[in-house]
Structures are given as C-alpha cells and as structure tokens.
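Trainee: model the following, please.
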Amino acid sequence: MAERKPLEKVRNIGIMAHIDAGKTTTTERVLFYTGKKHKIWEVHDGAAEMDWMEQEKERGITITSAATTCFRHDCQINIIDTPGHVDFTVEVERSLRVLDGAVALLDSSQGVEPQTETVWRQADKYGVPRIIFANKMDKLGADFYMSVESIKSRITDKAVVLQLPVGQADEFTAIIDLLTMKMYTFEWDHGIDTIEHEIPADMMEKVKAYKEEMLDKLSLFDDELAEKFLWGEDISIEIIKRAIRHGTIHNNLYPILCGSALGNKGVQQMLDAVIDYLPCPLDRGAMKGLDPDDETKILERKPNDAEPVSAIAFKIATDPFVGTLTFVRVYSGIIKSWDSLLNPLTRQKERVGRLLLMHANKREEIAEIHAGHICAFLGLKDTRTGHTLCDMKNPIILEKMTFPEPVIDIAIEPKSKADQERMGIALSKLAYEDPSFKYHTDAESNQTIIAGMGELHLEIIVDRLKREHKVEVTTGKPQVAYRETITQTANGEGLFKRQTGGRGQFGHVLLRLEKNMEKDYEFKDEVTGGVIPKEFIPAIDKGAKETVAQGVLAGYPIINVRVIPYDGSYHDVDSSEIAFKIATYKAFKDAFMKAGPVILEPIMDVEVVTPEDYVWDVMGDLSSRRGMIQWQDKRGNAAVIKAKVPLSEMFGYTTDLRSNTQGRAQSSMHFASYEKVPENVAKKIIEERSGKIKAMDAE
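Mentor: Down below sits the predicted model:
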C-alpha cells in the first residue's frame, strides 16, 4: 500500500453527468494516466474496469457507483464514478453527500442535458465545488461554444472558460490553455505525451477575448489580481490559479475545460485542475452535526486525526465473496479494524471488521483509516445508508440524507416454491443496499409489489434477483405510484363501541386534518383535560399512520397531511389501544372525505431531442399524452422540446418515439412533482381499484 498522504494532498471527487456523457470512459483514462492500470478497456466493449456488474457490461451504462484511488503529482485522488441514468439518481445523491468536489461532464454535442441539471442541483444541495469538462469534443456535432452557453443559461452564470478547443468534431486536434497562453497536442501511446505549441495566429483574437473575460471574473476573488488587471500589468500563473481555487472552493466559480476522453485529449489537464482547484478535506472545514441527546445543540468535528471519530456510511453493497460492504467517509479521528463505534440513530454498538480500500470490485486490506479518507467496512450489522458512525463516548449525528420516494411499481410472483423461500431474503438485501427501492405485500391481492424510480430500475432489480440471488420471478405490468391528499381542513369523529358480555371495547376520537406541504405525515396532539388518557395517544398516532399507508379514496398512500386529535372520550374499563386505533380510522376517514380529497399522480419532466422534420409529430404525441409543452429550442441541427407529462402516459414512450421518428430522436425523463389527477381520470382510477377489490372479495 502507498504511504498515507497529508490531507492537503487528498482529493475526494465524483464524476457526474447525464447518461452517455462519458463518465466511465473518463475514469478509465484517469486510471491509465495515473499508472493505476496499464491497458485501456472500453465501455462499448463491455470491458471497462469501473463497470464491473454483469448488467453494466451488457448495457454499457453505469448502474452502481464504484470507488477507486489513484495518485498524481504526489496527491491521492479518491474517485467515485456515478451513474447518469435518472433511475439511479440515488447513487449520485449518496455519493455527493460525502465528496469534497466533483467533475461535471458534458457531451459537447448536446451541452447541458436534463440529468446534467438534476445532478447539478444535487451538488448544489450539498454545496459541492465543481469543475466542468466538456467531453466528446471529437464527436459529430460537437460545439464547445454552444455547450458553454447552455451551461450559463441552464445551470450557472458563475462558469468561466479556462481552455478553448482547436477545431471541433472530426477537426478537433488540440487545446489552448488560457493560463499559459499555449496550445497543447496529445501524442504517443493514448496521448500520454503533452506537446506544447504556440497559439495559431487565426485564433489569437478569440483567445485574448476569452482571457480578458476570465481575468475580469477572477478579479472578484483576488485583490492582487484585480489590481494588476486594472493597471494592465502581467499576472503570473500562480496568482491566476490562486484566484480560481478560491472562487471554486467557495462555490462562486466553476472552471470549464474541454477535451475527449475517448480520443485521449485533455484528461491529464482535467486531472491537474482537480488537484489545483478542487478542495481537500481541510478546505471543506469542520462537519456540523447534532447532539443525539439534545437535537437543538450543534456539534462540530474538525477534519483531523485527534478529534473523536465521526463518519458517514454512504453506500451498502453485497459482495459475493466477502459479504456486506459498507462504504464509509471518515470525517474525523482514526478507525482501526475491530474498533467499536456507535450508530447514534439506532443507539446500537457496531463492531468494525476488516477495512478495505476498494478499486471497483477489487479489494486491498488496510489496518486503519484516517480522517478525510474513504474505505469499505466489513462486518457492520445494522448501519444503513446515510447513518452516522461515531466515537462511543462522544456521540454526534451528522447531516442525514434524504431519498426520493418510488414513482413506479410492479407485482412479482416467484416461479417455484424454492424461489418463494429465497425471494423475501433477496428483496430485503436489495432494499438494504438501495434506499430508493421498496417492496411490500399488497393486503388486497397478497402479491409482492416492488417499487422503484423507473422501468429500468425495476428491470435491473429483477435481473439481480435472478443472477445474484437465484430467484426466478414473473412480473406484471408497471403501475404508477399514485398518492392521495386533501385540499382543505376538516374535522372528523370516530366512535368504536362494542359490548359482547364481559369486558367490551370503547374508543372515541375527534380529530382535524390539515394540509401540510412540509411533510408527508405529521401528528400533533391537542387533546387536553384528560378526555383521552395519555397512554392511548400513541394508539391514535398508530391508527392514523396505518390509515395513511392504506389510503381512503382508492387505496393509495396519503401524503402532505397533518393529523390533530383534539377531543374524544374513554371508558374506565372498556377502552383499549385497539379500540382507539379503530376509532381513529373512522374519524380519519370521516374528516378525509370532507377535506376535498384528491388523487395525485407523478408528473415527469420530459426532454426530447429530435430532427426538426419531426417536431410537430413529437409535440402532437406529447400533447395526446396529457403533456404540457414547456418550451422549444434549437441545439445544433436538432430541436429540443421540454414538457411535463404524467408518468401513467409514458409507458412504452421510447419505442413509440423511435418508430415515429425513424429512430432519430432521443428522450429522457425524470420525476418533477406530484400533481392533481383530472376528475375524469380520478373517477376511472377509483372505479378500477374498487372493481379489483370487489373481485378479490368475491374470490
């Protein structure tokens, strides 16, 4: 194992982008240029080292984030290659939570795409500094200047160009660096030698204009640079780099670089920019957290070995050879093999087993892990994604992660009795790994329902059941994850009274339902004067939660509701928890039906890139699917259409689009929001659901 680097020499970065922007290819080049590997394998051959799952090799896409470590210029770079497909956005979310910086890749022929915007917003959420790499400059239709404009108009006005391409598409030959004012070509084996040249005379005017714009932006971040720029004096590269680093670390600046990972141009300069401009763990400062015993009290952990241990588990994966791996980012202290740590969220002690440095699915055992570093733990029992691990005597809860709720589900059935026995264990393992995957048994049909972020997500889950867990299942048609909610405040009353000789049952609840856009469910006890004894209040909460889970209108979960019990009565002998649960269900249903109940459906942001010949066909088709066209624009020779469309209307859309445009259009979609279903559609949904329930009752 290489010697441990001081924290100022460590970079924890992720590579993030829209699907097919070249993230995994870029990571492969990084590993080659840093000497981590000596041969380059390509994604399209199914041989990329970071795409190690069988499903990734077959599809040529990244499904699970993979971690690796490499070294350049005496710096240690810990890299996480994240998926680009929107169905696996949770992988990006949990990776960004623990990274210090990121490289945002663009396909230069497309500029900013929908998932680029999504991952950019995720990075904003966690305040992650970024540099931008305009990749695929040698691809047909590549346009650096269009890409820069799309960055400024769609994701940030704080971007600054540091490099210009010489030529584009099949004429892309070199890169001009605005700091050194030199042109560079990439020669010998996979472009490993960088050759310096003078800038071509026909580009000098454009280069000077972009350099002027760069220095003007940088003058905001460095007084010395601002003064020299104002007086027209020469500014050293060191001063320029200092200003770029300052702006980037504080999320006030996003440097733009360009190149082609597949064409072996510019990746080494991008790596140097990671070292020069992205933060080390020290730059990110102390981590803030809460005291588990007093969540109003803010605690801090500085990034050094002397502090009490604090760490976040950000990913859980099952390795067929060693068992469950928990990927952990250590923020403070030192963790050694066989140490005991506290999980403050479960209040359980966790014993750390072996510590492993990961390189995709290969492992290197280490004795200890220090503040600022990432590794995998073996042997943790009850730690989930987003949980904190900390010193037993100095507990802290670091910022929790939030994950999106599934928007699509399908019913699955095991093919044999042996599959039935294995399926439950397999599903629990997959849900343990992936917080965006859920499963449950439908109370009405007794079917197992699996739910996820999209059709591909569930397709991969079913494939993993078969390959990794040897469980064969048949699947039903995808179903939309509808929700129910209320539109106004209403009161309801529920009385449950039963006398059967001997002790009876009695529960009486009055409650109010209010709309609450901040949370899916909130319980607020306003019962006073002892009209309902305190010991029955948890039963009311439980009864309300169970009603929320099973729905009222059409059997879909209820969201955005506040439940407020405010009155009621009890019987000294006959009252019980079960009686108050049933009374709560009755009161909830009574209030819900008075509170303007509606069914909500998931609405998707859909973007279609199509040749202009098919624009009206595409727009007409989207409108026929209850889509609302948001805007239309040009991107190179193609038209871009953005719309909001209900998920229920989008099943099979990719196939229809392909046939309508002779295979020349592309689409992508991601979840936007839940919105009210039109009344005629809601009526149909309720009728279908009640029909199914009656049919099952008859059986």
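Trainee: so where's the stretch 151-300 of the chain shaky on pLDDT?
Mentor: Applying pLDDT under 70 to the stretch 151-300 of the chain flags no residue at all.
Trainee: what ranges does it have for its strands?
Mentor: 159-161, 163-166, 174-177, 182-187, 193-197, 254-258, 287-291, 294-301 (DSSP state E, counting those that start in this stretch).
Trainee: got it, and the stretch 401-550 of the chain?
Mentor: Under DSSP E, counting those that start in this stretch, the stretch 401-550 of the chain gives strands at 408-414, 438-441, 448-452, 473-475, 479-480, 483-485, 490-498, 505-515, 521-523.
Trainee: of those, which is nearest residue 352?
Mentor: For residue 352, the closest of those is strand 438-441, at 28.7 Å, according to Cβ to Cβ. For the C-beta atoms, the positions are set from N, CA and C on the backbone; glycine is no exception.
Trainee: show me the longest strand that occurs in the protein.
Mentor: strand 598-611 (DSSP state E).
Trainee: residue 565 touches residue 527, doesn't it?
Mentor: Yes - shown here, residue 565 and residue 527 form a contact pair, counting by Cβ atoms under 8 Å, at 5.5 Å.
Trainee: need the residues touching each of those two.
Mentor: residue 537 (Cβ atoms under 8 Å, 6 or more residues apart in numbering).
Trainee: more neighbours: those two, which one.
Mentor: Neighbour totals were compared for residue 565 and residue 527, and residue 565 leads with 28 against 20 (other Cβ atoms under 10 Å).
Trainee: shouldn't that one be within a strand?
Mentor: Yes - counting by DSSP: H, G, I helix; E, B strand; the rest coil, residue 565 is part of a strand.
Trainee: so how far is residue 75 from it?
Mentor: As defined by Cβ to Cβ, to the nearest Å, residue 565 lies at a distance of 59 Å from residue 75.
Trainee: which helix or strand lies directly C-terminal to the longest strand of the chain?
Mentor: Later in the chain than strand 598-611, the nearest helix or strand by DSSP states H and E is helix 615-624.
Trainee: what lies in contact with that following helix?
Mentor: Contacts of helix 615-624 (Cβ under 8 Å, 6+ apart): 606, 608, 610, 629, 632, 639, 641, 643, 645, 656-657, 660-661, 665.
Trainee: and for stretch 547-562?
Mentor: Taking Cβ under 8 Å, 6+ apart as the rule, stretch 547-562 contacts 443-444, 481-486, 513-517, 519-524, 563, 584-585, 588-589, 592-593, 597, 599-600, 674, 685-686, 689-690, 693.
Trainee: dump it to CSV, keeping only the CA atoms.
Mentor: The C-alpha trace of stretch 547-562 is given here as CSV (Å, rounded to 0.1, in the frame of the first residue of the first chain):
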residue,chain,number,x,y,z
THR,A,547,-54.8,4.7,7.5
VAL,A,548,-52.3,7.0,5.7
ALA,A,549,-50.5,3.9,4.4
GLN,A,550,-53.6,2.1,3.1
GLY,A,551,-55.4,5.2,1.7
VAL,A,552,-59.1,6.1,1.7
LEU,A,553,-60.2,7.1,-1.8
ALA,A,554,-58.6,4.4,-3.9
GLY,A,555,-56.2,2.6,-1.6
TYR,A,556,-53.1,4.7,-2.4
PRO,A,557,-50.9,6.1,0.4
ILE,A,558,-51.9,9.6,1.7
ILE,A,559,-49.3,12.4,1.7
ASN,A,560,-49.0,16.0,2.9
VAL,A,561,-51.4,15.6,5.9
ARG,A,562,-51.2,16.8,9.5
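Trainee: now do that stretch, average pLDDT.
Mentor: Averaging pLDDT along stretch 547-562 gives 93.
Trainee: what's the spacing between that stretch and its chain's center?
Mentor: Centroid separation between stretch 547-562 and its chain, computed with Cα atoms, centre = their mean, to the nearest Å, is 26 Å.
Trainee: and the contacts of helix 615-624, which is the shakiest by pLDDT?
Mentor: residue 665 (84).
Trainee: tell me who's in contact with the closest residue to that one other than its chain neighbours.
Mentor: Using Cβ to Cβ, 6 or more residues apart in numbering and skipping residues adjacent in sequence, the residue nearest residue 665 is residue 610, 3.7 Å away. By Cβ under 8 Å, 6+ apart, the residues touching residue 610 are 618, 638-639, 641, 661, 664-666.
Trainee: widest-spaced pair of those?
Mentor: 641 and 664 (13.9 Å).
Trainee: who has more neighbours, the two?
Mentor: Ranked by neighbour count (other Cβ under 10 Å), residue 641 and residue 664 place residue 641 first, with 22 against 14.
Trainee: which SS state does that one fall under?
Mentor: strand.
Trainee: how far away is it from residue 155?
Mentor: From residue 641 to residue 155 the distance is 19 Å (Cβ to Cβ).
Trainee: any regions of the chain where pLDDT drops low?
Mentor: 1-3, 36-67, 81-91, 319-320, 358-362, 443-445, 500-502, 636, 691-699.
Trainee: related to what we said a few turns ago, for ChimeraX, what selects the buried ones among the contacts of stretch 547-562?
Mentor: Only the buried entries of these go into this ChimeraX selection, using 16 or more other Cβ atoms under 10 Å:
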select :481,482,483,484,485,486,513,514,516,521,523,563,584,585,588,592,597,599,600,674,685,686,689
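Trainee: which neighbouring elements make contact with the host helix or strand of residue 92?
Mentor: Per DSSP H and E: residue 92 is located in helix 89-98. Packing partners of helix 89-98 (3 or more Cβ pairs under 8 Å, 6 or more residues apart in numbering; DSSP states H and E): strand 10-16, helix 114-125, strand 310-319.
Trainee: nearest to residue 327, out of those?
Mentor: strand 310-319 (4.0 Å).
Trainee: helices and strands around the helix or strand just after that closest one, which ones?
Mentor: Note on strand 310-319: by DSSP H and E, the next helix or strand toward the C-terminus is strand 323-332. Applying 3+ Cβ pairs under 8 Å, 6+ apart, one finds that strand 323-332 contacts strand 310-319, strand 355-359, strand 368-370, strand 374-378.
Trainee: helix or strand next in line after the second one, which one?
Mentor: Following strand 355-359 in sequence order, the next helix or strand is strand 362-366 (DSSP H and E).
Trainee: from the chain's centroid, how far away is that following strand?
Mentor: With Cα atoms, centre = their mean as the basis, the mean position of strand 362-366 lies at 27 Å from the chain mean.
Trainee: my read: residue 276 touches residue 245, true?
Mentor: Yes - judged on Cβ under 8 Å, residue 276 makes contact with residue 245 at a distance of 6.4 Å.
Trainee: settle it for me: which of the two has more neighbours?
Mentor: Taking neighbours as other Cβ under 10 Å, residue 276 and residue 245 compare with residue 245 leading, 21 against 18.
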